[in-house]
Each structure stands twice: as structure tokens, then as C-alpha cells.
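Q: Fold the following.
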Amino acid sequence: MKISIFGMGYVGAVSAGCLASDGHNVIGVDPNRTKVDLINQGQTPIIEKDIGEMIAATVKDGMLHATDDVRHAVLNTDMSLICVGTPSQLNGNLDLSAVRKVCEQIGAALKEKKDFHVVVARSTMLPGSMQAVVIPALEEASGKKAGVDFGVCNNPEFLREGTAVHDYHHPPKTVIGETDERSGEMLLKLYEKMDAPVVRTSVETAEMVKYTDNTWHALKVAFANEIGNICKAVGIDGHEVMEIFCQDTKLNLSPYYMKPGFAFGGSCLPKDVRALTYKARALDLELPLLNSILPSNHKQIEKGLKMVMDKGSKKVGILGFSFKAGTDDLRESPLVDVIEQLIGKGYELRLYDRNVNLAALTGANQDYILNMIPHISKLMMTSMAGVLDFADTIVIGNGAAEFKDVPNMLRPGQNLVDLVRISREHSGGAYDGICW
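A: Numbering: from 1, shown residues only. Now for the predicted structure:
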């Protein structure tokens, strides 16, 4: 393919060298004449393992050259990759002025172009930036319609400085956010030789994936450091602890616990987080990340409560209120917290949980249910149907299989608050998911 790459900084230069090495004809575009001249002389504008040799070889072979002429680059390529910087403003927001300027320049060139051209944003931008900045700037400058007269995609990069060339050729995933199928197919051709999973999704999801990845990496660093600080304070090797931690790929480093939903509860997580942060305070350690876990969890409980109250009905039915499906354990169940607050605010409640009903009769939690929360046990019903008949607002509190058809069982006027993603629906109408 013939590709123009806008911005010969870190991402742009690596992309240019790698794509040219893969056999694509690449034009690097940058307003900085020094960068342009360096590339045309076969030299790299950045310091990065292997990229200098790649640029030298591809320039010599005629597969890569650079220019500051935007019109020339767009009219002589099939696809443009935007790799300009998106630095922070003083208030923490992104500065998208360079992105907007490049889009206006590309759009002006597209006005003259008859062939279908795809514009791909690789610059890191917050969700909504494509729809608020990139697409309007391109459409206004070109007088054309995105997804019809030209294509637009978002294609986040996952490159680490120092190993960027290796990362480019061995990505953990390739994410293509597309406005239309034709554009996505054209972009996919760049990666057809790579052995990596390809995900095609909306541009908004692609934008958010990049931020989710980077924030997760930052969180991991902060988490390991705070655990290490506790370890040192009590005379333990923090590296050894984290090496053992990382050996667990079933739970610790895995998809488990990584789905948005309601708050955590049960007999382990709240108690152990509370104990560890207490120990840290006793050691005079400031651990803002670990100390924020329980307050963050409580905020999710408050969010669930507000969702129920916002439905406007005083008659509420809760299906599943043990802290997770398949258990009768109500200790520190976040649903019990919601139930008690609703009772205190004068709501009429009916509750159903098959496992809790059994426990009330004979289980290990019988004493807890009948003596510690008798006001709740009196609201329990023996069937899901009884709850559905009574309530105007239905709350799915855990993922028990018997609740999967509840979204299809609502009568007119009933609302459903889903805290566990019992359905693949998105929030709208009578259905309201807590994080989707």
C-alpha cells in the first residue's frame, strides 16, 4: 500500500520504518525540516533499537521518504496515519491542537482527491475525540462525508520505548476502530501478516482501550510499589512476594475480577484489605492506592443504590443478594447494604435468592440470617415469580443462571437494574446496566 504518516516523532518514525520494511511505500510528513532532512538522508529522528537501520535501508531502497508537503502526501497515498503528539494541558486535559491542524490539512487535500482515502488516528486521544475533533475537522475541510466519501479509523498503538520495533511486529492485539467496514478492511491489510488477535470495534471503544491499557499498567506499578513498601517495613523481600504473586495466572494475572459490575463483598476481600491498610498505618506508611480500595468499593454501592432510587418506584424486588452466585454467604454482601438503606428510606422490598432461602432453613448462615438480619429475612420470598409480580423495579444482584431470562419477563412499566450483566443488552429503555 501507499501510506502517508503524519508526525515523525516516536510512534510515527517507528511506524514508518516498520511499514516500509514490510514492503509498503511510505511518505513521512512533518513540518520540522530537520526531521524531514534526517529521514531523507537515511537517518532516524529518534533513538530506538533497530529503527536506525530500518530507516537507512528503506530510504536507500526507495520505500521511504519524508516531506513537509501535506497535499503531495495525501494525493499520492491510499491511507494516512495520524501520529502527532497529544500532550497534557495544565489542567490535565489533552491538547488536541496538533491533531485538529493535521486533520484540517488532510481534509483540504481530500477535497481534491477522487479516490477513496482512509484516515487512521494512531495518536492517543480520549473517548469521543474522533467524533468531536477528527471527523468534524476532516469533513469541514474536505466538504465530504466520513464513512461515505472517505474512511476514518482509530488504531491505537501498543509500543514500549526501547522495544518498539519488536512490539510493532509482535503486538498483544491489533485494535481497529472503524466508522465503516470498507475502511476497516483496508486498514486490516497492514496487519494481515502479523500473528496477533485482531479486534474490530467502534472508534469510541478503540479510543478507550488505549487508555484502559495504559492506566492498568500505571496501576500495576503503583500496586507493586505499595506492596513492596509494606514488605520492606516488616522485613520481607518485596520482589520475592511479587514473583510468587505473578506465578498465579488463574486468578492474579487473568481475566478474573476484571469485568465491570457491582461492589465486591464476602468474608475475605473487605476484611483483608481493611487489615492490610490498618497494618500500613501502624507502620506509618502512606499508601494512597491501597487506602482507596474500600472507599472506591463503597462508591459503587452508592451508585447501585442511586440507580434503584432513580427509577421512582417504592416497590423494589431484588433477585440474588448473597455476595455472589452459588453461595449463601451474606457477610459484607454489598446487596445487604443496599437493602438496608432502601428499608431505611421507606421502600417496600421483596427478596429472592435460592441459596439464601436454603441457608435460612438449614445452612451454616442460618444463625446470621435469622438473628443478625431478621428484618431482611422477613422480606424473603420462596419464588422469583413472587418478586416479579410484586415489584415495579427489579434488581439483579448476582449472576445466578435462573435470572438470565428476567429481562424478557418484565411487564410494561417495570424497570430492571442489572448489577452483574445478566444480559448483553446496553442501557436504554426499561433496562439499566451499572457499567454498560
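Q: dump the residue contacts of Ser423.
A: The neighbours of Ser423, taking CB atoms under 8 Å, 6 or more residues apart in numbering as the test, are Lys404, Pro407, Tyr431, Gly433. In this view, the C-beta of every residue, glycine as well, is placed from N, C-alpha and C.
Q: what about it, which helix or strand?
A: In the assignment (DSSP states H and E), Ser423 maps to no helix and no strand.
Q: again, but for Val417
A: Using DSSP H and E, Val417 falls in strand 415-418.
Q: Just checking: what are the partner strands of that strand?
A: When sheet partners are counted by DSSP bridges, strand 415-418 sits next to strand 393-396 (parallel), strand 431-433 (parallel).
Q: Deepest-packed of the ones you listed, please.
A: Mean neighbour counts were taken over the strands paired with strand 415-418 using mean count of other CB atoms under 10 Å, and the top value, a mean of 26, falls to strand 393-396.
Q: how about the strand holding Val417 as PDB, C-alpha atoms only?
A: C-alpha atoms of strand 415-418 as PDB (Å, rounded to 0.1, in the frame of the first residue of the first chain):
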ATOM      1  CA  ASN A 415     -37.700  -1.300  35.200                       C
ATOM      2  CA  LEU A 416     -34.600  -3.600  35.500                       C
ATOM      3  CA  VAL A 417     -31.400  -2.600  37.300                       C
ATOM      4  CA  ASP A 418     -28.700  -5.100  36.300                       C
END
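Q: rewinding a little: what would the contacts of Ser423 look like in JSON lines with pLDDT and distance to Val11?
A: Formatted as JSON lines, those follow (pLDDT from 0 to 100; distance: CB to CB, whole Å):
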{"residue": "Lys404", "pLDDT": "95", "distance to Val11": "43"}
{"residue": "Pro407", "pLDDT": "95", "distance to Val11": "43"}
{"residue": "Tyr431", "pLDDT": "97", "distance to Val11": "40"}
{"residue": "Gly433", "pLDDT": "97", "distance to Val11": "35"}
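Q: Closest one to Thr77 out of those, please.
A: The shortest approach to Thr77 among the contacts of Ser423 belongs to Gly433, at 42.1 Å (CB to CB).
Q: Is the closest one bridged to anything, and to what?
A: For Gly433, the beta-bridge partners under DSSP bridges are Asp418.
Q: who touches it in this structure?
A: The neighbourhood of Gly433, defined by CB under 8 Å, 6+ apart, consists of Asp418, Arg421, Ser423, Glu425, His426, Ser427.
Q: where along the stretch 51-200 of the chain do the helices fall?
A: Counting by DSSP state H, counting those that start in this stretch, residue ranges of the helices within the stretch 51-200 of the chain are 51-60, 70-75, 97-110, 129, 135-142, 164-169, 181-188.
Q: Chain neighbours aside, what residue packs nearest to Ala430?
A: In space, not counting the residues next to it along the chain, Ala430 is nearest to Asn415; the distance is 5.1 Å by CB to CB, 6 or more residues apart in numbering.
Q: Okay, that neighbour and Phe403: tell me how far apart.
A: Separation of Asn415 from Phe403 (CB to CB, to the nearest Å): 15 Å.
Q: can you list contacts of the strand holding Val417?
A: For strand 415-418, with CB under 8 Å, 6+ apart as the criterion, the contacting residues are 304, 307-308, 311, 313, 392-396, 406-407, 410, 425, 430-434.
Q: From the chain's centroid, how far away is it?
A: The chain centre lies 23 Å from the centre of strand 415-418; the measure is CA atoms, centre = their mean, to the nearest Å.
Q: Could you number the chain from 705 rather than 1 from now on?
A: Got it, first residue is 705 now, which makes that one strand 1119-1122.
Q: Show me which parts of it are buried, residue by residue.
A: Asn1119, Leu1120, Val1121, Asp1122 (16 or more other CB atoms under 10 Å).
Q: As JSON lines, those with pLDDT and distance to Ile707 would be great.
A: Below are the buried residues of strand 1119-1122 laid out as JSON lines (pLDDT from 0 to 100; distance: CB to CB, whole Å):
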{"residue": "Asn1119", "pLDDT": "98", "distance to Ile707": "50"}
{"residue": "Leu1120", "pLDDT": "98", "distance to Ile707": "48"}
{"residue": "Val1121", "pLDDT": "98", "distance to Ile707": "48"}
{"residue": "Asp1122", "pLDDT": "98", "distance to Ile707": "44"}
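Q: want to try CSV for these, with distance to Leu842 as columns?
A: Supplementary listing: the buried residues of strand 1119-1122 in CSV, determined by distance: CB to CB, whole Å:
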residue, distance to Leu842
Asn1119, 40
Leu1120, 40
Val1121, 40
Asp1122, 37
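Q: and which of those residues is nearest His1079?
A: Using CB to CB, Val1121 is the member of these that lies nearest His1079, at 21.6 Å.
Q: ok, back up a step: could you dump the strands paired with strand 1119-1122 to TSV with distance to Asn1001?
A: Conversion of the strands paired with strand 1119-1122 to TSV gives the following (distance: least, CB to CB, whole Å):
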stretch	distance to Asn1001
strand 1097-1100	18
strand 1135-1137	18
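Q: Out of those strands, flag the one nearest Leu800.
A: Across the strands paired with strand 1119-1122, Leu800 has its closest neighbour in strand 1135-1137 (30.2 Å, CB to CB).
Q: so what pLDDT did Thr883 get?
A: Predicted confidence (pLDDT) for Thr883: 94.
Q: oh sorry, the question was meant for Arg804
A: Reported pLDDT for Arg804: 98.
Q: quick one: contacts for it?
A: If a contact means CB under 8 Å, 6+ apart, then Arg804 has Val837, Ala841 as its contacts.
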